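K.L.:
Pasting the sequence and the predicted model now:
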Amino acid sequence: MKRVELFTDGACSGNPGPGGWGAILRYNGVEKELSGGEADTTNNRMELSAVINGLKALKEPCEVALYSDSQYVCNALKLGWAKKWRANNWMRNKKEPALNPELWEELLSLCEIHKVEINWVKGHAGHPENERCDRLAVAQSQKYQGGTA
């Protein structure tokens, strides 16, 4: 299996509001930047979208070292929360539905294809790739501000 690094970040202005995501894939020293956004979304949806789109860009099963500043994404994957939510029909507990079930479903499916190692990084702390992903995400979110997109 090829070993790939995936750096991701999401941004949202207003939460909910215009949002964007950014991802950097690195394999053998070669990098590919990906980004996108939505007019009306949340920060967590953008964090998930960054990881999903990064994994979807891979053309074959890979070992992926994921670097994200989202505790929501990292903990839900690393601690098994997302799998529990899926097993409980997308309920966090008896009363609260899990948020973003369609995105979690897609991400969990991708994690069954790829071997994903989760690495949490502190956001806005000078991590070069995280800072680049943040710039990509913010630039995408700005495309949707003021209803111009």
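P.N.:
Perfect, thanks for sending it.

K.L.:
make it CA atoms for all contacts and neighbour counts henceforth
P.N.:
Will do.

K.L.:
what about residue 2, distance to residue 37?
P.N.:
Distance from residue 2 to residue 37, counting by CA to CA, to the nearest Å: 28 Å.

K.L.:
who has more neighbours, those two?
P.N.:
Taking neighbours as other CA atoms under 10 Å, residue 2 and residue 37 compare with residue 37 leading, 26 against 10.

K.L.:
Wait, a strand at that one?
P.N.:
Yes. Counting by DSSP: H, G, I helix; E, B strand; the rest coil, residue 37 falls inside a strand.

K.L.:
ok, it touching residue 45?
P.N.:
No. Contact between residue 37 and residue 45 fails when scored by CA atoms under 8 Å: they sit 10.0 Å apart.

K.L.:
Put the alpha carbons of the longest helix seen in the chain into CSV.
P.N.:
Longest helix in the chain by number of residues (criterion: DSSP state H): helix 128-143. Only the C-alpha atoms of helix 128-143 are listed here, as CSV (Å, rounded to 0.1, in the frame of the first residue of the first chain):
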residue,chain,number,x,y,z
PRO,A,128,2.7,24.9,7.9
GLU,A,129,0.3,22.5,6.1
ASN,A,130,-2.6,23.2,8.5
GLU,A,131,-2.1,27.0,7.9
ARG,A,132,-2.2,26.4,4.1
CYS,A,133,-5.3,24.3,4.4
ASP,A,134,-6.9,27.1,6.5
ARG,A,135,-6.0,29.6,3.8
LEU,A,136,-7.6,27.4,1.1
ALA,A,137,-10.7,26.9,3.3
VAL,A,138,-11.1,30.6,4.1
ALA,A,139,-10.6,31.6,0.4
GLN,A,140,-13.4,29.2,-0.6
SER,A,141,-15.8,30.5,2.2
GLN,A,142,-15.2,34.0,1.0
LYS,A,143,-16.5,33.1,-2.5
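
K.L.:
Great, nothing more from me.
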